[in-house]
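Engineer: Curious how this folds, go ahead:
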Amino acid sequence: SLVQSKFVGPGNMYWPNVKFPLGLALVDIEEKMPSSAYRKLMEAIECMQIRPMSENIVIDLGACPGGWTTVMRKFGCKVISVDRSELDSVLMRDNMVEFVKGDAFTFEPPSDDDDVVFWMVSDVIAYPDRITDLLNRWCSYQWAEKMIVTMKFQGDEPSLDDLDRAIDLVQRCG
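Structural biologist: Numbers count the residues shown, from 1 in each chain. Next up is the predicted model:
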């Protein structure tokens, strides 16, 4: 069915997106991917009309098996992939992917170079309040210029209050 497109923010994001047929972004990659989760990231990038540049460093929190890391590599970015489990073997051999075995919620980006622009992406599996805490750390310290983060819900009805709190937090931090 057709529905009215409405602004959902941030940036220039409308859902469904009027720029795409039936409001759906083209998110398929022909080659073999480590997982199908990459489509969520590609949809966010398309709908928000933002793109990382090859000189950006992307930090992928909760990266295993590597679908989101693969998307960012396709943009030519160096990726720091953080997870407790290793990535797909192809990504583990990629010299533009630095795998960090660790916890996505305690990881801090390197602070060697003030000229580096970081992006943070995360599709980590966690309760909404943990995602809000993660956003609070990253926003408070202004560790990333751009962030794309999923929030996952349980049950029949999502707690949109959790989502609203996360959006308010991000907006307050600019």
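
Engineer: For the rest of this, base every contact and every neighbour count on C-alpha atoms.
Structural biologist: Noted.

Engineer: Return, as residue ranges, the portions of the chain with sub-threshold pLDDT.
Structural biologist: Judged by pLDDT under 70, the chain has its weakly predicted residues at 1-30.

Engineer: Tell me which residue is most central in it.
Structural biologist: V121 (2.8 Å; C-alpha atoms, centre = their mean).

Engineer: Let's verify it: helix, strand, or coil?
Structural biologist: strand (DSSP: H, G, I helix; E, B strand; the rest coil).

Engineer: and it, how far is that from D162?
Structural biologist: Here the distance between V121 and D162 works out to 19 Å (C-alpha to C-alpha, to the nearest Å).

Engineer: Then G66?
Structural biologist: Applying C-alpha to C-alpha, the value for G66 to D162 is 27 Å.

Engineer: who has more neighbours, these two?
Structural biologist: Here G66 and D162 are set side by side on neighbour count (other C-alpha atoms under 10 Å), and the busier one is G66, at 27 against 17.

Engineer: contacting residues for that one?
Structural biologist: By C-alpha atoms under 8 Å, 6 or more residues apart in numbering, the contact list for G66 reads 34-35, 87-88, 91.
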